[in-house]
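*Asks:* Build the 3D model from these lines:
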Amino acid sequence: MQFLIIHSVSSLNLTNEYLSHICLINQGKYNSGSEYEYNLNYLIDDIRTSHHEVGFTKVSFGNTTANFAQVIVQCRGDSYGSKCNTCFDTAISGFQKRCPNNKGGRIWYDQCFIYVSTVDVELPGKTIYENIFSMHNPQKVRGDAKLFAKKAIDFLSELTLKVQKPTKINHRLVYYAAGEKKVGKNTLYAMVQCLELTVDCTSCLTWSITKLFKKNDIKQGGRVLGTNCDVRYELYPFLRS
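*Replies:* Got it, this is the predicted structure:
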């Protein structure tokens, strides 16, 4: 019996689409020409000229509550160097368009995430679960959907175990794992990733995987994104090797 009646996509489907954003209204807005705007632009220029060899950076500038700005950039595990910078340019423009003159906010794109804040964000603390959201492929899994879900959960859990032993690249720990696995006659592609500063990475990923398959309406693909961690699976390749 055929396990799934689905045509998988053989070509790499790389995109950098806008996914979601949050404007942090409680952090207020800045005026054009203000010291805060100068500090934020200084950080943006600094990030653009730096080398994102492992796709993560956290920078801040300012010495008072009124002008302090911080920017955190996390690129997807396969988007380093110039690819990370390209996503950052797209995302920062998107943030300024969707949250004009907001001092704080978050924005997600397919290959990167940006967090702008007026406070020194201590992300090594507990995971910010209220900012986690999910997205799903509109196509349902045909065949034994429960068995597919079990295999997908098992595979994402295997990748989560790999993240517990992060890869060290250029003196940084990269909490990212990806792979592929045969499921019936199809290939399941998946990835898990945590923000570099997250200490409860495993808990965040485990919670996100559970959320991904919380409903019985199992889809051909899906992802959960947040401030601290991301998980994704598809029946087509979506990552660089």
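
*Asks:* Please count neighbours and contacts with C-alpha atoms only from this point.
*Replies:* Noted.

*Asks:* can you pull the contacts of the nearest residue to residue 132 once chain neighbours are set aside?
*Replies:* Leaving aside its sequence neighbours, residue 132 sits nearest to residue 226 (C-alpha to C-alpha, 6 or more residues apart in numbering; 4.1 Å). Counting by C-alpha atoms under 8 Å, 6 or more residues apart in numbering, residue 226 touches 128-129, 131-133.

*Asks:* Return the members of these classed as buried.
*Replies:* 132-133 (16 or more other C-alpha atoms under 10 Å).

*Asks:* what would the contacts of residue 226 look like in a markdown table with distance to residue 213?
*Replies:* Below are those laid out as a markdown table (distance: C-alpha to C-alpha, whole Å):
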| residue | distance to residue 213 |
| --- | --- |
| 128 | 20 |
| 129 | 17 |
| 131 | 18 |
| 132 | 14 |
| 133 | 13 |
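
*Asks:* Strands - which of the contacts of residue 226 land there?
*Replies:* residue 133 (DSSP state E).

*Asks:* Farthest pair within the contacts of residue 226?
*Replies:* 128 and 133 (11.2 Å; C-alpha to C-alpha).

*Asks:* just the strands in this structure please.
*Replies:* With DSSP E as the criterion, the chain has strands at 18-23, 56-61, 69-75, 105-109, 112-117, 133-136, 167-169, 172-174, 176-183, 186-194, 222-225, 229-234.

*Asks:* Quick one: these as TSV, columns for mean pLDDT and distance to residue 35 too.
*Replies:* Shown next, in TSV, are these (pLDDT from 0 to 100; distance: least, C-alpha to C-alpha, whole Å):
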stretch	mean pLDDT	distance to residue 35
strand 18-23	95	20
strand 56-61	90	11
strand 69-75	93	10
strand 105-109	96	18
strand 112-117	94	15
strand 133-136	91	34
strand 167-169	70	36
strand 172-174	75	32
strand 176-183	93	37
strand 186-194	94	33
strand 222-225	94	33
strand 229-234	95	32
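
*Asks:* any low-confidence regions in the chain?
*Replies:* Along the chain, the model assigns pLDDT under 70 to residues 1-13, 51-54, 122-126, 169-171.

*Asks:* domain ranges for it?
*Replies:* 18-117, 129-234 (automatic domain parsing).
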